[in-house]
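coordinates only, sequence not included:
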């Protein structure tokens, strides 16, 4: 029950912040908002404002901000379709921007809870220690390949390394054993060829430790911005891997799978603080994912609406709102079918135990 409650809170906040982005920018642009809803399906609670009906709905898997003249013709001077293209673009992208901003704030929060900012500067290498003599034996191959304590890793195999998130991703997803690594050493950039990351004791690739700095305003904000960028880039890379076939349909997860993952995150750690950090870290990834996914140029998504606005800006002539509405309706129907299929897969995975 606790897992479900935590998951509902996470979903609710992510959806609410996304729709609030559309809502507040629409209001600032003078657009009439008819409905503002969190969730989908039957209404649980509703309240009629001066011009907007606010509602909370049963299924926390979406929401909407219904604006006058958004999908059909309207003579109202405050209709969405009556506003300039730049204003409509601002409204369309506002939801995704708010999700990414939320992700940044969550990363900053978890960093402050950790009380340390993790860097990409090498602090030491792995080793084993003899229990009787205390003699240390290196288990790190990257040290023998030329990496040194104090090196700041700049790139691996051409991928710019901004944060420890990039380090983990690159080491886990590079098939080559030998890699080209660029480091900053004593103020200069040094290129190291044929570097092998391998811990002979654990047989894993993590054969070094990185430094951590005490939190201050500048390094926390910088880390939050860079980690938001890194997370967004990781999501784009995953989408490309999905399109190219590296990952398949069976690798996707829907609401049920995400709830399970949030539950696992909540159960991690021995203290409430550790569990909170785990949940907030996952929530930051999910909200950035939602923001970027919504910017994809697909019908029914914000990115699809943005593409129609770009076409209108180029043509300098509005498109038929009924035709555009039909395209978005078909896109939404296909997305709902995909969600149902992925949810069924999540449930089947749970029944089969993995």
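Received, thanks. Computed from a predicted model, the values in this text were never measured in an experiment. Residues are numbered from 1 along each chain as shown.

Report the separation between residue 100 and residue 242.
20 Å (CB to CB, to the nearest Å). For every residue, glycine as well, the C-beta is placed using N, CA and C.

Mind checking which of the two has more residues around it?
Ranked by neighbour count (other CB atoms under 10 Å), residue 100 and residue 242 place residue 100 first, with 23 against 14.

Skip the chain neighbours and tell me the closest residue to that one.
residue 291 (4.3 Å; CB to CB, 6 or more residues apart in numbering).

Next, the buried residues of the one helix or strand residue 273 maps to.
Secondary structure assigned from DSSP states H and E places residue 273 in helix 272-294. Under the neighbour-count criterion of 16 or more other CB atoms under 10 Å, helix 272-294 has 275-294 buried.

Counting by contacts, list what the helix or strand following it packs against.
The helix or strand immediately downstream of helix 272-294 is helix 302-315, counting by DSSP H and E. Applying 3 or more CB pairs under 8 Å, 6 or more residues apart in numbering; DSSP states H and E, one finds that helix 302-315 contacts helix 85-114, helix 321-351.

Give me the contacts around stretch 296-306.
89, 92-93, 95-96, 239, 293-295, 307, 327-332, 334-335 (CB atoms under 8 Å, 6 or more residues apart in numbering).

Flag the shaky bits of this structure, pLDDT-wise.
1-3, 245-269, 321, 336, 338-354 (pLDDT under 70).

Could you list the domains of it?
Domain ranges of the chain: 2-112+282-351, 116-214, per automatic domain parsing.

Can you lay out those domains as JSON lines showing distance to residue 230?
Formatted as JSON lines, the domains of the chain follow (distance: least, CB to CB, whole Å):
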{"stretch": "domain 2-112+282-351", "distance to residue 230": "10"}
{"stretch": "domain 116-214", "distance to residue 230": "5"}
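
Run through the strands of the stretch 101-250 of the chain in chain order.
Secondary structure of the stretch 101-250 of the chain (DSSP state E, counting those that start in this stretch): strands at 116-125, 127-129, 136-138, 152-156, 159-160, 178-185, 188-196, 208-214.

so which of the ones you listed comes closest to residue 13?
Checking these against residue 13 by CB to CB gives strand 116-125 as the closest, at 24.8 Å.

just the helices and strands packed on helix 302-315: most buried one?
Comparing the helices and strands packed on helix 302-315 by mean neighbour count (mean count of other CB atoms under 10 Å), helix 85-114 comes out on top with a mean of 20.

quick one: that helix to helix 272-294, angle?
Orientation check (axes from the mean of the first three to the mean of the last three CA atoms, to 10 degrees): helix 85-114 against helix 272-294 gives 160 degrees.

same for helix 85-114, what does it pack against?
helix 2-28, helix 217-244, helix 272-294, helix 302-315.

quick one: it to helix 217-244, angle?
120 degrees.

Thought residue 135 was touching residue 127, still the case?
No - using CB atoms under 8 Å, residue 127 is not in contact with residue 135; the gap is 9.8 Å.
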